[in-house]
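*Asks:* Structure of the sequence below:
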Amino acid sequence: MDSKEVLKEYFGYDSFRAGQEDIINAILEKKDVLAIMPTGAGKSLCYQVPAMMLSGITVVISPLISLMQDQVKSLNDVGINAAYVNSTLSESEIDGTLNMVLNGIYKIIYIAPERLESAKFCEFSKQADISMVTVDEAHCISQWGQDFRPSYVKIVDYINSLPARPVVSAFTATATNEVKTDIECILRLDNPKVVITGFDRKNLYYSVEHISGKNRDRYISNYVKEHIDESGIIYCATRKNVDTLYETLSSMGISVTRYHAGLSNEERKRNQDDFIYDRSLVVVATNAFGMGIDKSNVRFVLHYNMPQSMENYYQEAGRAGRDGLPSQCVLLFSAQDVIINKFLLDKKDFAEMDDEEADLLRQRDLQRLQTMERYCQTTECLRNYILAYFGEHPIAPCGNCGSCNSDFDEVDMTDAAKWMINCVAELRGRYGKAILFGTLQGANRARLRELGAERFKSYGRMKDTPRETLERLLAQLLEDGYLVQSDDQYAVLHIGDIAPLKAGGQVL
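*Replies:* Residues are numbered from 1 along each chain as shown. Just a heads-up that it's a prediction; the model follows:
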């Protein structure tokens, strides 16, 4: 059978989506592949179809137990013999699975990266005819990827230990140019076929709502009631928020379930299945939920809190509308979200890394958080902001996002911008936005008195300006490059390129 016949017989599709056939043909020609395709673009078919056509077996390295279990179940349901090896199996079950692979029963085996180092799996790999090693969620290999996993770095050692080098294919939905380069180099891909199908999901409508406190619960409740017959995911930053919102929606008679790491494995699996099979229309979850979930009819993804990075947001929001139908991605934002996320980042464990690596990753995390905060503050096209982050350069606003469809009140903020830039200059690039805003609003704080801020020309110049307006103005000045924010823990503000302003006599 050729690839289209395999596609039709096992998966029921008559034709490939964009990029799929190019990737499959490259694999069948024994070329390494790196594919960057958005959620819902059909990445898994790109290695599952050729796996059925190659002479040996395909080893798929996958980061999550739930992800590999879902994939294996889906494959077995369509008549493809597949198995997984992970911590849910006993040693005797693992032995039985590996023996069945050696005896030709299974064509595809999923495995966690940590298990590649086990003596048992290494011995199995030397005996098996491995045609392809597939690295799923390949961004995990890069320290600049949002879900860096140290065990992924050792994949190349496993590949090099095999008697004959197989085809290596790597797949991810989210990769900046930096991450893309890391994947190629760390995996040592051999002149790979690189396929990037683009990040624009035209059926998704992005919007940001500035809502804080209990108003969020009210917004969510009203939204779900207005979409009572639709399936959706609501992401929260903390387990406490998940539980509280779950109870609120349950008390309203909403068909809802929940998912977070504080639940037992059995309850998580049951709740996930309830959502996948539409026994519960809505799931409230932490970001532990969703990777690899194959559910096409999710009509909305709501974020109760701002995610920590654009990669996380794009991946989570991208679980909406996988069937190509119009779907909404709504992010609720308040300044408190930034504080919560900084707290969560401070708790991040870097124990396995040396100080230099840990500092690099902390800097990366803070930089991403700043990017996410600016997304929430911008009045520019939200779709274009996302696309620009991933290296695409749209030439016009999309006309179909919250910013493009909002009637913003146009206010001349030239004088305010001049005072904000002047205040950063008077602070000599040593402080962050808390000191900046306090100075501009003329706050009576001991810290400002210590700095002598009350003697600045800018002190109190914007005392009647709401904090939210200051946040939006700062976001715009950062986006335009007039101000620059450092990537370290303190997020210090500096003067950027103000030459255009000086030329126009705009700086005080």
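
*Asks:* Tell me where the stretch 351-500 of the chain has helices.
*Replies:* Using DSSP state H, counting those that start in this stretch, the helices found in the stretch 351-500 of the chain span residues 355-377, 382-389, 414-426, 433-440, 446-451, 467-480, 499-503.

*Asks:* Can you flag the weakest of those by average pLDDT?
*Replies:* Across these, helix 499-503 has the smallest mean pLDDT, namely a mean of 65.

*Asks:* tell me which residues in stretch 149-163 are buried?
*Replies:* Neighbour counts over stretch 149-163 (16 or more other C-beta atoms under 10 Å) mark 149, 151-156, 158-159 as buried. Bear in mind the C-beta positions are built from the backbone N, C-alpha and C, glycine included.

*Asks:* Can you tell me which of the residues you listed is nearest L204?
*Replies:* For these, the minimum distance to L204 (C-beta to C-beta) is 27.5 Å, reached by R149.

*Asks:* re the thing from before, now, the buried residues of stretch 149-163 that are in helices?
*Replies:* If you go by DSSP state H, these have 155-156, 158-159 in helices.

*Asks:* Could you identify the most distant pair in the residues you listed?
*Replies:* Of all pairs in those, the most separated under C-beta to C-beta is V156 and Y158 at 7.3 Å.

*Asks:* Find the residues that touch each one of the two.
*Replies:* Here V156 and Y158 share no contacting residue, scored by C-beta atoms under 8 Å, 6 or more residues apart in numbering.

*Asks:* before we move on, the earlier item: and which of the buried residues of stretch 149-163 is nearest to L281?
*Replies:* R149 (32.5 Å).

*Asks:* pretty sure the closest one contacts L116?
*Replies:* No. With contacts counted by C-beta atoms under 8 Å, R149 stays clear of L116, the gap being 11.8 Å.

*Asks:* any idea how far L75 is from the residue positioned nearest the centre of the chain?
*Replies:* Compute the mean C-alpha point of the chain, and by C-alpha atoms, centre = their mean the closest residue is N312, 2.0 Å away. To L75, N312 is 27 Å away according to C-beta to C-beta, to the nearest Å.

*Asks:* ok, now S118?
*Replies:* Distance, S118 to L75, using C-beta to C-beta: 23 Å.

*Asks:* Between the two, tell me which one has more neighbours.
*Replies:* Per other C-beta atoms under 10 Å, whichever of S118 and L75 has more neighbours is L75, with 23 against 13.

*Asks:* could I have stretch 319-338 exported to CSV, CA atoms only?
*Replies:* Extracted as CSV, the C-alpha positions of stretch 319-338 are listed here (Å, rounded to 0.1, in the frame of the first residue of the first chain):
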residue,chain,number,x,y,z
ARG,A,319,-7.0,22.9,21.8
ALA,A,320,-10.1,24.7,20.6
GLY,A,321,-11.5,24.2,17.1
ARG,A,322,-9.4,21.2,16.0
ASP,A,323,-12.3,20.4,13.6
GLY,A,324,-11.7,23.7,11.8
LEU,A,325,-15.0,25.3,13.0
PRO,A,326,-15.1,28.8,14.6
SER,A,327,-14.0,28.7,18.3
GLN,A,328,-13.1,31.2,20.9
CYS,A,329,-10.0,31.7,23.0
VAL,A,330,-10.6,34.2,25.8
LEU,A,331,-7.9,35.2,28.3
LEU,A,332,-8.9,36.9,31.6
PHE,A,333,-6.2,39.2,32.8
SER,A,334,-5.4,41.4,35.8
ALA,A,335,-2.1,42.7,37.2
GLN,A,336,-2.4,40.1,40.0
ASP,A,337,-1.7,37.4,37.4
VAL,A,338,1.8,38.7,36.9
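
*Asks:* got the buried residues for it?
*Replies:* Using 16+ other C-beta under 10 Å as the test for burial, stretch 319-338 gives 319-322, 327-335, 337-338.

*Asks:* Check stretch 336-345 too.
*Replies:* Those would be 337-338, 340-341, 345, for stretch 336-345 by 16+ other C-beta under 10 Å.

*Asks:* nearest to V411, of the residues you listed?
*Replies:* Checking those against V411 by C-beta to C-beta gives V338 as the nearest, at 23.7 Å.

*Asks:* shouldn't the closest one be in contact with R374?
*Replies:* No. V338 is not in contact with R374 according to C-beta under 8 Å; the separation is 10.9 Å.

*Asks:* Please look at the residue nearest to the centre of the chain and Q146 and confirm they touch.
*Replies:* Yes. Here N312 lies in contact with Q146, judged by C-beta under 8 Å, at a distance of 5.4 Å.

*Asks:* Distance check, M1 against I109.
*Replies:* To I109, M1 is 21 Å away according to C-beta to C-beta.

*Asks:* likewise Y246?
*Replies:* 36 Å.

*Asks:* With S87 instead?
*Replies:* Note on S87: its distance to I109, by C-beta to C-beta, is 15 Å.

*Asks:* cool, and A164?
*Replies:* From A164 over to I109 the distance is 17 Å, taken as C-beta to C-beta.

*Asks:* Mind checking which of the two has more residues around it?
*Replies:* The residue with more neighbours, out of A164 and I109, is I109; 25 against 8, by other C-beta under 10 Å.

*Asks:* quick one: secondary structure of the more buried one?
*Replies:* Here I109 is strand, with the state taken from DSSP: H, G, I helix; E, B strand; the rest coil.

*Asks:* For it, name its beta-bridge partners.
*Replies:* Beta-bridge partners for I109, by DSSP bridges, are V59, A83.

*Asks:* residue contacts, it?
*Replies:* The contact partners of I109, by C-beta under 8 Å, 6+ apart, come to 57-60, 82-85, 97, 101.

*Asks:* what about 10 Å?
*Replies:* Residues in contact with I109 (C-beta atoms under 10 Å, 6 or more residues apart in numbering) are 51, 57-60, 68, 72, 81-85, 97-98, 100-101, 121, 124, 128, 130.

*Asks:* ok, residues contacting whichever strand or helix holds F343?
*Replies:* Assigned by DSSP states H and E, F343 belongs to helix 335-346. Applying C-beta under 10 Å, 6+ apart, the contact partners of helix 335-346 are 210, 212-213, 237-238, 241, 303-309, 331, 334, 361-362, 365-366, 368-370, 372-373, 376-377, 433, 467-468, 471, 489, 491.

*Asks:* And the buried ones among the residues you listed, selectable in PyMOL?
*Replies:* Only the buried entries of these go into this PyMOL selection, using 16+ other C-beta under 10 Å:
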select buried, resi 237+241+303+304+305+306+307+308+309+331+334+361+362+365+366+368+369+370+372+373+376+377+433+471+491
